[in-house]
Structure formats: structure tokens, C-alpha cells
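# Predicted model and sequence below, questions to follow.
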Amino acid sequence: MAAEVEGYCVKCKAKRNMKEAGEVTMANGRKAMKGKCPECGTGMFKIMGKA
């Protein structure tokens, strides 16, 4: 499991550390982190760098 990654939850309208975060690769080749909000359980997504 990845380290704590901070993302924005659109449902809570607040920045939170994702739970169950995992790295994914988008169709354009960029890396991203996908996880869930620890408060409400909504899916969260954070685009990382290209490397």
C-alpha cells in the first residue's frame, strides 16, 4: 500500500488523506493515485507527475 496521499474530496469539500490509495496509470501515460475518502467513502483521485 502506498504512503499517505492527500487529495480533495468533492463531497466533503475538504482535503483529506486517502485511504486504500493505489497508483494507477491513465490512458495518456500519466500516473495518478486513486483511493477513498476516510470520512464519507467517496472515490478520490489525484493526478501525479508524468515521470
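Happy to help now that I have it. Just so it is clear, the model here is predicted, and its values are computed rather than measured. Numbering: from 1, shown residues only.
# going forward, measure contacts and count neighbours with C-alpha atoms only.
OK.
# And for stretch 24-33, what's in contact with it?
5, 21-23, 34, 45-51 (C-alpha atoms under 8 Å, 6 or more residues apart in numbering).
# Only C-alpha atoms, please: export it in CSV.
Taking Å, rounded to 0.1, in the frame of the first residue of the first chain, the C-alpha atoms of stretch 24-33 are listed here in CSV:
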residue,chain,number,x,y,z
VAL,A,24,-2.9,3.8,-11.5
THR,A,25,-1.7,4.8,-15.0
MET,A,26,-4.1,6.9,-17.0
ALA,A,27,-4.7,6.4,-20.8
ASN,A,28,-2.3,9.3,-21.6
GLY,A,29,0.6,7.7,-19.6
ARG,A,30,0.4,9.9,-16.5
LYS,A,31,0.5,8.4,-13.0
ALA,A,32,-2.4,9.1,-10.6
MET,A,33,-3.5,8.0,-7.2
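# in it, what counts as buried?
Residues 31-33 are the ones in stretch 24-33 that count as buried (16 or more other C-alpha atoms under 10 Å).
# again, but for stretch 31-45
Buried residues in stretch 31-45, counted by 16+ other C-alpha under 10 Å: 31-37, 43-45.
# residue contacts, Phe45?
Per C-alpha under 8 Å, 6+ apart, neighbours of Phe45: 7-8, 32-35.
# how close does Glu23 sit to Lys34?
Glu23 is 6 Å from Lys34, where distance means C-alpha to C-alpha, to the nearest Å.
# related to what we said a few turns ago, which of the buried residues of stretch 24-33 lies closest to Cys12?
Met33 (18.4 Å; C-alpha to C-alpha).
# Helix or strand for the closest one, just tell me which one.
For Met33, the element it lies in under DSSP states H and E is strand 31-36.
# Grab the CA positions of stretch 40-51 and hand them over as CSV.
What follows is stretch 40-51, C-alpha atoms only, in CSV (Å, rounded to 0.1, in the frame of the first residue of the first chain):
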residue,chain,number,x,y,z
CYS,A,40,-17.7,9.7,3.5
GLY,A,41,-16.2,6.9,1.4
THR,A,42,-16.5,8.8,-1.9
GLY,A,43,-13.9,8.0,-4.5
MET,A,44,-10.9,10.4,-4.7
PHE,A,45,-8.4,10.9,-7.5
LYS,A,46,-5.1,12.8,-7.6
ILE,A,47,-3.1,13.3,-10.7
MET,A,48,0.7,13.0,-10.1
GLY,A,49,3.7,13.9,-12.2
LYS,A,50,4.4,12.5,-15.7
ALA,A,51,7.5,10.6,-14.5
